Every structure is written in structure tokens, then in C-alpha cells.
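Q: Take this sequence and fold it.
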Amino acid sequence: MRNMTKIALLLQLSLIFVWGGSFVAKVNNSSVVIGDRVNLTLEARGDDITLPNIDRVGNYSVESTSTSTQSSFKMINGTTTRENIKRLNITFTPDKDMTIPPFEAMIDGETLKSNPIDIKMVKSLAPTSKRGDIVTLDMVANKKQIFVGQPIQLTIYFGEGNGANLMKVEFKKPNFKDFFVKEIAGEKTYRKGGYLIHELRYILTPKYEGNFTISPASARIAQKSRRRDDFFGTFFATPKWSRVVSNSLDIEVKPIPNGNDLIGDFVVEEHIDKQTTKANKPVNLTITIKGEGNLEDFNALNYEIDGVTIYSDDAKVESHLVGDRLISTYEKKFVFIADKDFTIPAKSFKVFDFKSSKTKSLDIKSFDIQVTGGKDITPTVVSSSKPTTIEKIETPKSSSSDQTIESEPISKEQSKESILSIWMLIASFVAGVVVTLGAVKILPNISWRPKRASTNYNEALKILYPHTNDNIEVEQMVRDLYAKKGGEKSITIDKVKLKELVRLYQ
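A: So this is what the prediction gives:
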């Protein structure tokens, strides 16, 4: 009997150990071809699970994440328990050998670590495309040597032979991690040399100087094959999968020549709505830069003027392809608010033209703004047209020391006025007593609320704008205030919140 009890206890402990919390890392393949993504799955088992937030795996940024949850019920010695399983799926693209580090998860009140995993980079066994293949995949760049910020066009050609008979194509574009990427909308499809060509185009702008290799594009293709069903004696189509890989590309990126802010060929336009305004009324300035080149990462255009509140939205950048040229437009709007005259200073940027290899100047002119009704306006002194007369009253001189000075007799009218003044004084005193007693009795029974003083949006903008980077609520309030001032009727200002923020930074 005693042995049976020990066996039952050991069985129970072993089951608890089996169904306890766990945290395990898995990958789809630990041997990875350069350019391929790694699919990492972190699986947690337990009752109460908190998975980690992951944005990097080693030195590589996470490209996509997804989560899934499932539950199952287990019976241990007649007791039913529920086990939760949570999976965090992550993809990233390494370019060299690495070790996926352990991650931590909170499971049933305990911190558990996942296992590390070694990733080994291997050469692709798939053949690169060549003439005569059923399918071809090629990658071409219009330039191999460029400057930082200079755009290039990269084109991928997927050729489908006449006898390819494809059921499905799973295309995977290259990894452009060292470049700003803009995909040119609209796939081109045409026939050439016995192939149906699918053409995909990208505009790449290098972020840094150095020598870079753009990893190959690849595609998994399913060809239609015939398979016999022995039971019915018929044939049906089944997919036969294979993989094709393009060439890689080596790109040399040279640094921007010293003293230059941009690379390309640009012109600038300025538009200001007025140069005379009232105190605390906005002046709007729009700067537009356009031309050939990339403007996505241009962020050097800003203003700082003492005593002037300046508000600006994020720059709006658009680009499109004209032939093999990238044409970009940069537009940024500024709002200036002040209570005295000020000057919007001139700006100048150096632009390196990669076509002529010469440096040009991109100049933004200055604007003098006149402000009326502000605190620096000297008030006009108003005086009366008639001079003030000062009456001199002389005391009559006595002819001798014993001369008696007789006072003038008080008239009846003066006597009546004195009596009336006394009665008015008494009446005012009585009225004051009555009003005071009435207030003491009546006011406590009256429910009233004082009107909140109206908020001056201009003053609020002046106070809050310098702190837009300190507080998210301040930043949103400044945006709403400016939109409201601009006539946006859908914006509702929370005046209580506005008053709190203004009081905080006054």
C-alpha cells in the first residue's frame, strides 16, 4: 500500500513536470541561402503567458511578426487543467553567420528563456537563369557607381518560356536593406525572344557610402505535370516545384562631396501669403523644391527666430519616374506668429549635380514681416485743445489787526443742497445694509457656475509650440489649434485640457 502511494505521487510529479511551462525557439531552416528570410517561431506553453516584444534579432531588423494561440485540456488524476500555447512568428533576413540569441517570456509568474539557435549561410544550389531555360530571372541596374543620395533604377526580368506551362509562381524580391526603395507601380508584360517577359522596376537610393551587394531575386515555380490515378485509370495535373535565382549586383556608393547638402538638379520656389499682419496673426510660408534626384531624406530646412512662434508640418515628398530619371517634389509649410516686426531669414543649400559634377547653390530668399498692434507699438498721447486753467484764490488783506472778517451768508439753495446730500448718504447706507442682508440669505440657495474665460488660441500656440517635442499631448493640441485657426470645422478643442497644458508651461 505504501509503495502504491509512492508510485502515484511520482506519477503525479512527472505529469506536472511534463505539462509545466516551457519556452522554445524554432526555425524553418538553420542553413540559409544569402537573401533568404529566416522564419523564427517562439513557442510558449503554460497557463498565464506574456510573450516578449521583439523588433530586432541580433543585428537584423524584424520584417514581419504574427501571433497565434491555441488551448488544450488535460486530465491529471481526475483533475482537468487547461494548457495554453502561444506562438510568436518572426521573419528577418541575415547576410552572414549568426546565433539567434535567447529571448525571455513570463510564463505562470516565472521568467523562462528560449534556446539559442545557430544560423549558417550557404551558397544557393539553384541555378541562375540562362538562355534556353524554361524560365529566366535576371536583375539589371542602370548604374554601378553612384553617390550617397543618388538614385538608380533596378529592373528585374522574369521570363516565361513558351513551353513552361506554369501553374504558380512565388516571387521573392531582393533585400534592399541599405537603400531607400520606391517600387514603380505597374508591372510591364511583353513578348521578346520566345519568352513572355514580366518586368518589375525599383528606384533605389543608397543610405550610406561603401561597397554593397544587392542579394539575388528568386522565385519558386510550379510546373504542370501529369500523374496517373491507378484506381480510376485517369491522368490529372499536379504541380512540380523548382526554384530559380537571379544574379546579384555589386554597387559602389561614394560619399557626398564635402560641403554639399543634396545631390541632384533642383530649383526652389517660395510663396508667402502676406508680409503685413496684425499681432498674433499667422503668416504662412510654403517652400517647394523640385527637380531630378531623391528628396526623401532631406530634413535640413527649418527656422528659428527669437520671439517668434514657428509651426511646421512634416514635409510632403512625392516622386515619379520619367524615363530612367527620378523626379521629386518637396513641399514644406511654415506658420509664423509674433507680436512685433520680424524677418524670416534667407536660406542657402549646396547641391552637387551628379551629371555635371559641379556644386550649385539653392537659395531661399528672406522676407521682412511688419506686425501692427503689437507690444512694441508706441501709443499716441492725446491732449486737450484747450489749456488747463488754474484759478488763484487770494485771501483779502485786513487793514488792521482788530478788523473783523465777515463771512458771506449761506443762501437758501446751498442749504437745501446740504440737507439733500445728508439724506442721500443715509439712504445709501440703508440700501447697502439691505443688499448685504439679502445676499447672505439668498446667494447660498442659488446654484450658479461662473463662466469660464475664453481661451486665446494665439496665446496658447505661443506658449505650447516650443514644447511640442516634450509632450505628445502638447504636439496634438498644437496641431488641432492650428487646424482650427485654419478653418477646419471638424476639429473640436478640449478647452479644459488646453487650459491645463497652458498652465503647465506658463
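Q: Residue 213 reaches residue 249, doesn't it?
A: Yes - between residue 213 and residue 249 there is a contact under CB atoms under 8 Å: 7.0 Å. The C-beta positions use only the backbone N, C-alpha and C, and glycine is treated the same way.
Q: of the two, who's got more company?
A: residue 249 (18 against 15; other CB atoms under 10 Å).
Q: Contacts only, for the closest residue to the more buried one other than its chain neighbours.
A: Closest residue to residue 249 apart from its sequence neighbours, by CB to CB, 6 or more residues apart in numbering: residue 214 at 4.3 Å. With contact set as CB atoms under 8 Å, 6 or more residues apart in numbering, residue 214 has these partners: 139, 141, 154, 174, 175, 176, 179, 204, 248, 249, 250, 251.
Q: confidence score at the fifth one?
A: I take that to be residue 175. pLDDT, residue 175: 84.
Q: where does the stretch 51-200 of the chain have low pLDDT?
A: 72-82, 123-132 (pLDDT under 70).
Q: could you pull out the strands for the stretch 151-300 of the chain?
A: 152-161, 166-172, 179-183, 188-192, 195-206, 210-214, 218-229, 234-245, 249-254, 262-272, 276-278, 283-293 (DSSP state E, counting those that start in this stretch).
Q: For residue 92, which of these is the nearest?
A: Closest to residue 92 of the strands of the stretch 151-300 of the chain, according to CB to CB: strand 166-172, at 14.2 Å.
Q: Now do the closest one and strand 195-206, the angle between them.
A: 10 degrees (axes from the mean of the first three to the mean of the last three CA atoms, to 10 degrees).
Q: buried stuff in strand 166-172?
A: The neighbour-count check on strand 166-172 (16 or more other CB atoms under 10 Å) flags residue 172 as buried.
Q: which helices and strands does that strand pack with?
A: strand 152-161, strand 218-229, strand 234-245 (3 or more CB pairs under 8 Å, 6 or more residues apart in numbering; DSSP states H and E).
Q: If we use 6 Å, what do you get?
A: Counting contacts by 3 or more CB pairs under 6 Å, 6 or more residues apart in numbering; DSSP states H and E, strand 166-172 is packed against strand 218-229.
Q: Next, the contact list for residue 47, please.
A: Neighbouring residues of residue 47 by CB atoms under 6 Å, 6 or more residues apart in numbering: residue 108.
Q: Report how many residues lie close to the closest residue to residue 484 other than its chain neighbours.
A: Distance criterion CB to CB, 6+ apart; nearest residue to residue 484, sequence neighbours excluded, is residue 491 at 4.9 Å. Using other CB under 10 Å, residue 491 is surrounded by 14 other residues.
Q: next one: the one 10 residues further on
A: Applying the criterion other CB under 10 Å, we find 20 residues in the vicinity of residue 501.
Q: Okay, it and residue 488: tell me how far apart.
A: Distance, residue 501 to residue 488, using CB to CB, to the nearest Å: 19 Å.
Q: before we move on, the earlier item: any chance of a PyMOL selection covering the buried ones in the contacts of residue 214?
A: Applied in PyMOL, the following selects the buried portion of the contacts of residue 214 according to 16+ other CB under 10 Å:
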select buried, resi 139+141+154+174+175+176+179+204+248+249+251
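Q: Looking at the contacts of residue 214, which one is closest to residue 55?
A: Nearest to residue 55 among the contacts of residue 214, with distances taken as CB to CB, is residue 175, at 17.4 Å.
Q: does that closest one really touch residue 216, like I thought?
A: No - the criterion here is CB atoms under 6 Å, and residue 175 misses it with residue 216 at 9.5 Å.
Q: just to revisit the earlier point, now do the contacts for the residue nearest to residue 484.
A: Applying CB under 6 Å, 6+ apart, the residues contacting residue 491 are 480, 483, 484.
Q: per-residue confidence at the first one?
A: Right, the one you point to is residue 480. Reported pLDDT for residue 480: 82.
Q: Excluding covalently adjacent residues, which one is nearest to it?
A: Closest to residue 480 by CB to CB, 6+ apart is residue 491, at 5.2 Å.
Q: My reading is that the one you found lies in a helix. Confirm?
A: No - counting by DSSP: H, G, I helix; E, B strand; the rest coil, one finds residue 491 to be coil, located in no helix.
Q: What does it show for phi and psi?
A: Residue 491 adopts backbone torsions of phi -80, psi 130, taken as degrees, to the nearest 10.
Q: Against residue 217, how distant is it?
A: 47 Å.
Q: Same check on residue 115?
A: 33 Å.
Q: same question, residue 145
A: 22 Å.
Q: Between those two, which has more neighbouring residues?
A: For the pair residue 145 and residue 217, the greater number of neighbours falls to residue 217 (24 against 11), based on other CB under 10 Å.
Q: pretty sure the more buried one is in contact with residue 156, am I right?
A: Yes - using CB under 6 Å, residue 217 makes contact with residue 156 at a distance of 5.2 Å.
Q: Outline the domain layout of this protein.
A: For the chain, the structural domains run 18-122, 135-254, 262-372, 457-505, going by automatic domain parsing.
Q: Show me the one of those that comes nearest residue 426.
A: Closest to residue 426 of these, according to CB to CB: domain 457-505, at 46.9 Å.
Q: Pull the number of nearby residues for the nearest residue to residue 355 once chain neighbours are set aside.
A: In this structure, residue 355 finds its nearest non-sequential neighbour in residue 265, 6.7 Å apart by CB to CB, 6+ apart. Using other CB under 10 Å, residue 265 has 16 neighbouring residues.
Q: gap between residue 265 and residue 320?
A: 16 Å.
Q: Residue 484 now?
A: Where residue 320 is concerned, residue 484 sits at a distance of 34 Å (CB to CB).
Q: what about residue 479, is that helix, strand or coil?
A: Classification of residue 479 using three-state DSSP returns helix.
Q: so how many other residues sit close to it?
A: Around residue 479 there are 14 residues (other CB under 10 Å).
Q: just to revisit the earlier point, rebuild the domains of the chain as TSV, extending it with distance to residue 426.
A: Output for the domains of the chain, formatted as TSV (distance: least, CB to CB, whole Å):
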stretch	distance to residue 426
domain 18-122	82
domain 135-254	89
domain 262-372	51
domain 457-505	47
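Q: you'd agree residue 119 is up against residue 99?
A: No - contact between residue 119 and residue 99 fails when scored by CB under 6 Å: they sit 7.1 Å apart.
Q: Check the residue most central in space within the chain and give its pLDDT.
A: Using CA atoms, centre = their mean, the residue of the chain that lies closest to the mean C-alpha position is residue 314, 8.8 Å off. pLDDT recorded at residue 314 is 86.
Q: Thanks a lot, catch you later.
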